[in-house]
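Colleague: Could you work out the structure for the sequence below:
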Amino acid sequence: MNIYICKIAQKKWAIFFAFLSLFLLGLADNIRGPLFPEILSYFSLSSSKGALSFATTSTAAFVASFVSGAYLRRFSISSLLLLAVVLMGAGLSVMGSASSFEILLSGSFLLGLSIGFMGVSQNLLVTENVSAANQSKALSGLHAMYGFASFLAPVIASQAAIYFGIWRAAFFATAILCALFFIFQMLIRPEPT
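Modeller: This is a model prediction of the structure:
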């Protein structure tokens, strides 16, 4: 039984969710930078050891990009995007609640997997649903959305910390946005073409 509130044209669905997911990716990817000093202080880390969290994320993103092809031979692009959002929310939640640096690294790994899967699914959603003449505009728009999210990430990080009184709040706030995205994607379905 499918539960959804509405269906929209496949092309509109693809563009809407590609842009919305890239906004999430921009927030999740850039929320860590402003929190890096807090992470180093909380876990008593040197800068080089703390940088392992970024290296872990990048490695996992590479692995996810690599295995995306095998996934897409069996499943749809929209399910890959949904998996990416679930992993992103899980990774951010783990990072926000980490009691040790090793747990933070596991959250970073989940975040990296989500970034790799999301990057592949976003690009495929655009290239398969936008005419060749308009693809460069659509891809430029995606990059602009990432830039906008990158601009907002430090603001969200600082305001969440001030409002909730803990530096971890930004991870949880972004994880909540992932949960909302998941709900929207479950409730708004593309019309079959």
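
Colleague: could you pull out the helices for this structure?
Modeller: Ranges of helices in the chain, per DSSP state H, are 10-30, 32-43, 47-50, 52-74, 77-97, 101-129, 135-164, 169-187.

Colleague: mean confidence for the fifth one?
Modeller: Here the mean pLDDT over helix 77-97 is 95, rounded to a whole number.

Colleague: And for the longest one?
Modeller: Confidence over helix 135-164 (mean pLDDT, whole number) is 86.

Colleague: tell me what that helix is packed against?
Modeller: Counting contacts by 3 or more C-beta pairs under 8 Å, 6 or more residues apart in numbering; DSSP states H and E, helix 135-164 packs against helix 10-30, helix 32-43, helix 101-129, helix 169-187. Glycine gets a C-beta too; all of them are placed from N, C-alpha and C.

Colleague: Tell me which residue is most central in the chain.
Modeller: With distances taken as C-alpha atoms, centre = their mean, Leu25 lies nearest the centre of the chain, 3.4 Å away.

Colleague: Distance check, it against Ser131.
Modeller: With the distance defined as C-beta to C-beta, to the nearest Å, Leu25 ends up 24 Å from Ser131.

Colleague: One more: Lys12?
Modeller: From Lys12 to Ser131 the distance is 14 Å (C-beta to C-beta).

Colleague: Compare neighbour counts for these two and give me the winner.
Modeller: Using other C-beta atoms under 10 Å as the criterion, Lys12 and Ser131 rank with Lys12 on top: 13 against 8.
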